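A.B. asks: for reference, the sequence and a predicted model appear below.
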2 protein chains.
Amino acid sequence: MSKTVISIDCMGGDYGPIVTVAGASLALKSDKDLEFLLFGDQALISQEVSKYPNLKDKVEIFHTDERVTADDKPAVALRKKRKSSMALAIQSVKEKRSQVVVSGGNTGALMAISTVLLRQLPGVDRPAICTSIPTERDTSVVLDLGANAECSAKNLVQFAIMGSLFAKYALGKENPTIGILNIGEEVAKGNDTVRLAYTKLKESKLADNFHGFVEGNDIPLGTVDVVVTDGFSGNIALKVLEGTAKFISKRFASTFKKSIRALLGGLLARSALMKMKSDLDPRNYNGGMLLGLNGVTVKSHGGTDEVGFKHAIMVSKRLVDANINEKISNDLQDFKS
Amino acid sequence: MSKTVISIDCMGGDYGPIVTVAGASLALKSDKDLEFLLFGDQALISQEVSKYPNLKDKVEIFHTDERVTADDKPAVALRKKRKSSMALAIQSVKEKRSQVVVSGGNTGALMAISTVLLRQLPGVDRPAICTSIPTERDTSVVLDLGANAECSAKNLVQFAIMGSLFAKYALGKENPTIGILNIGEEVAKGNDTVRLAYTKLKESKLADNFHGFVEGNDIPLGTVDVVVTDGFSGNIALKVLEGTAKFISKRFASTFKKSIRALLGGLLARSALMKMKSDLDPRNYNGGMLLGLNGVTVKSHGGTDEVGFKHAIMVSKRLVDANINEKISNDLQDFKS
């Protein structure tokens, strides 16, 4: 593999350079051909970089005092924070100084700044946010997660194309199956938008991989590899899923503190419980993508640690190697003809 | 309390009279003033009734061969199954021979037949399906769960009024708080419908109880008592929630089978785990309602057992005692003036 240059918004996420720089060092241990452009507070970043000898000669630091906070409104971040670590990192992708940007910052701001600086890929009407989640069967991709509160059938079809390519290249799924999220599996269910998208996909080149409508419970079941929906339902579905998983896990954890017997039981089962925790570890699913832009932007969870951030960097590397945007352009082209 | 007559669709649900009749017997043990009209297969129902001496003189059986199946399309059930146990049970409410109907049958068919036979309450534009769910804090009500794939702001406001009354009378919440489900908490988030509903509620008599927008994770957190949304997002949210809870619980259960140590641990923690299971037992949250109809229709989960079905019957009794439909009519009236 040839050298890959990755821009990192070092100030993004809950922990800033402590996590983002450590994540870069971990990623470099897995892949020696990575190089990083690091954007943010020079002093803080240098301090972290000095802790990891393997980063020497592999990073270039670009100082800025400005940063996008979790509370910044996207429109405000866009207008008033043109020199933020996030904006400068995205700008470096635009100027082809790097091949991909990874940020754990504010999703709305990341979407807004990326869209304005990078612009849509030709043929893409609306970019979408996707992520991968653990399921009973394996791993699935869900999109859109909130970039577009309202969507047309054409938007949903484009999401299906882009989501399939993400599943193929980020997750290694050869022929990913696709489902449209609906309130029932029957063809007559739902609203005009999902019914029209259903018809379009049935008549398309993706027909063989198109499973049809899926319901909310099909997401955790992993019935399909790619769950396509508008940004309103997708955002709600993902947040319900994460919130419920946390709720049930917390209940189990507190159950083992209810009595001495339960505590002993928990200790005995500890290694099995830790294995389960690691199987479902959200860090191993970290790294979503803003799909459909003229440049690759990877979104890390803000609350993740260096292991999770490393995972997002490795996802970004796979997407660059796969030349995902060229694939998206080709598939969209094919779809029309 | 005076006598309450409850119509039961004995053939509804996955197990028919075995569960529905047993549930009636359990309910009668809690409340001696209940009487039941039982609709369905005379032979099967009689056989079950004979097992429970306390049902003697408390039930009247109405025979029919027809039943609505889980696969029946609502429109088909409506047109072709006018003599089904479900339709006859609803008809008995319409004719005031009973005060409420309880069914564990096909939700779409129940909604369609109830709407046609009972008609909307004056002032209600669209009926809604609601249910209660366990949360980290307590119990919440979510509606609409799928009766209306598309909703106006006015529909959402009416759902807020009706859902609050359900929370008050079915769950005993004195001043239930209300949230509108959205993809962010800020006022500018989402689509025109939720923003307009937000403004209407802020300016209404419910303003003091209106929390504002809530997100998907606020449902399992229990941030508000009543979560208001359109039937598309509500259906997806509920199914994601149920599916994720099952997924995580199954993972925990299988974890305790991974090794001898884990198995022993699980046995030691058993009583604490059983307590947790019972706290979250879906049977204790069984009994949703089709809100806004001129007659009270209570929906039980199809897959529940007699304990769950009894719970749905007790919910129906509380709704009758509270005279919920009169309360809904009054509050809708108040709201206009």
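C.D. replies: Alright, I've got the coordinates. Numbering: from 1, shown residues only, chains lettered A, B, ... in the order given.

A.B. asks: check the secondary structure at the residue of the stretch 51-200 of chain A found nearest chain B for me.
C.D. replies: Nearest to chain B, among the residues of the stretch 51-200 of chain A, is residue A:183, at 4.0 Å (Cβ to the nearest Cβ). In this view, the C-beta of every residue, glycine as well, is placed from N, C-alpha and C. The local conformation at residue A:183, judged by DSSP: H, G, I helix; E, B strand; the rest coil, is coil.

A.B. asks: now residue A:186
C.D. replies: Quick answer, by three-state DSSP: residue A:186 is coil.

A.B. asks: wait, doesn't the residue of the stretch 51-200 of chain A closest to chain B sit right on residue A:215?
C.D. replies: Yes. Between residue A:183 and residue A:215 there is a contact under Cβ atoms under 8 Å: 6.9 Å.

A.B. asks: how about the helices in chain A?
C.D. replies: Here chain A has its helices, by DSSP state H, at A:17-30, A:42-49, A:74-80, A:85-94, A:107-118, A:153-171, A:192-202, A:218-221, A:231-255, A:260-268, A:270-279, A:306-321, A:324-336.

A.B. asks: can you list these in CSV and add mean neighbour count and mean pLDDT?
C.D. replies: Output for the helices of chain A, formatted as CSV (neighbours: other Cβ atoms under 10 Å in any protein chain shown; pLDDT from 0 to 100):
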stretch, mean neighbour count, mean pLDDT
helix A:17-30, 22, 97
helix A:42-49, 17, 96
helix A:74-80, 16, 90
helix A:85-94, 25, 97
helix A:107-118, 22, 93
helix A:153-171, 24, 94
helix A:192-202, 18, 95
helix A:218-221, 24, 95
helix A:231-255, 22, 89
helix A:260-268, 18, 80
helix A:270-279, 15, 78
helix A:306-321, 23, 94
helix A:324-336, 16, 86
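
A.B. asks: now the ones you listed as CSV including distance to residue B:255?
C.D. replies: Converted to CSV, these look like this (distance: least, Cβ to Cβ, whole Å):
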stretch, distance to residue B:255
helix A:17-30, 28
helix A:42-49, 37
helix A:74-80, 41
helix A:85-94, 40
helix A:107-118, 32
helix A:153-171, 25
helix A:192-202, 37
helix A:218-221, 17
helix A:231-255, 10
helix A:260-268, 11
helix A:270-279, 5
helix A:306-321, 22
helix A:324-336, 36
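
A.B. asks: minimum distance to residue B:258: which of those has it?
C.D. replies: helix A:270-279 (4.2 Å; Cβ to Cβ).

A.B. asks: what residues does the stretch 51-200 of chain A have near chain B?
C.D. replies: Within the stretch 51-200 of chain A, the positions near chain B by Cβ under 8 Å from any Cβ of the partner chain are A:73, A:108, A:135-136, A:146, A:149-150, A:181, A:183-184, A:186, A:188-191.

A.B. asks: list the contacts of the residue lying closest to residue A:200 once chain neighbours are set aside.
C.D. replies: Among residues not flanking residue A:200 along the chain, residue A:157 sits closest, at 5.0 Å (Cβ to Cβ, 6 or more residues apart in numbering or on different chains). Neighbour list for residue A:157: A:197, A:200-201, A:204, A:335 [criterion: Cβ atoms under 8 Å, 6 or more residues apart in numbering or on different chains].

A.B. asks: the closest residue to residue A:155 other than its chain neighbours and residue A:325, how far apart?
C.D. replies: Leaving aside its chain neighbours, residue A:155 sits nearest to residue A:126 (5.0 Å; criterion: Cβ to Cβ, 6+ apart). The gap separating residue A:126 from residue A:325 is 16 Å, by Cβ to Cβ, to the nearest Å.

A.B. asks: residue A:183 and residue A:215: who's more crowded?
C.D. replies: residue A:183 (26 against 20; other Cβ atoms under 10 Å in any protein chain shown).

A.B. asks: dump the residue contacts of that one.
C.D. replies: By Cβ under 8 Å, 6+ apart, the contact set of residue A:183 is A:189-190, A:215, B:146, B:149, B:231-232, B:235-236.

A.B. asks: sorry, back to before: which neighbours do residue A:183 and residue A:215 share?
C.D. replies: By Cβ under 8 Å, 6+ apart, the residues touching both residue A:183 and residue A:215 are B:235-236.

A.B. asks: check whether stretch A:221-241 comes near chain B.
C.D. replies: Yes. Under the criterion of Cβ under 8 Å from any Cβ, stretch A:221-241 makes contact with chain B via A:221, A:229, A:231-233, A:235-241.

A.B. asks: tell me the one among these nearest to residue B:53.
C.D. replies: Checking the residues of stretch A:221-241 next to chain B against residue B:53 by Cβ to Cβ gives residue A:221 as the nearest, at 43.4 Å.

A.B. asks: wait, isn't the closest one in contact with residue B:247?
C.D. replies: Yes. Contact between residue A:221 and residue B:247 holds when scored by Cβ under 8 Å: they sit 7.3 Å apart.

A.B. asks: overlap of the contact sets of those two?
C.D. replies: With Cβ under 8 Å, 6+ apart, residue A:221 and residue B:247 have common neighbours A:135-136.

A.B. asks: and the contacts of residue A:157, which two are the farthest apart?
C.D. replies: Greatest spatial distance in the contacts of residue A:157: A:197 and A:335, 13.0 Å, computed using Cβ to Cβ.

A.B. asks: wait, residue A:94 touches residue A:117, no?
C.D. replies: Yes. Contact criterion Cβ under 8 Å: residue A:94 and residue A:117 qualify, at 5.2 Å.

A.B. asks: can you work out which residues contact both of these two?
C.D. replies: residue A:295.

A.B. asks: rewinding a little: just the buried ones out of the residues of the stretch 51-200 of chain A next to chain B, please.
C.D. replies: Neighbour counting over these (16 or more other Cβ atoms under 10 Å in any protein chain shown) leaves A:108, A:135, A:146, A:149, A:181, A:183, A:189-190 as the buried ones.

A.B. asks: returning to that earlier point: export the contacts of residue A:157 to CSV and tack on distance to residue B:38?
C.D. replies: Shown next, in CSV, are the contacts of residue A:157 (distance: Cβ to Cβ, whole Å):
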residue, distance to residue B:38
A:197, 45
A:200, 48
A:201, 46
A:204, 51
A:335, 57
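
A.B. asks: one step back: chain neighbours aside, what residue packs nearest to the residue of the stretch 51-200 of chain A closest to chain B?
C.D. replies: residue B:235 (4.0 Å).
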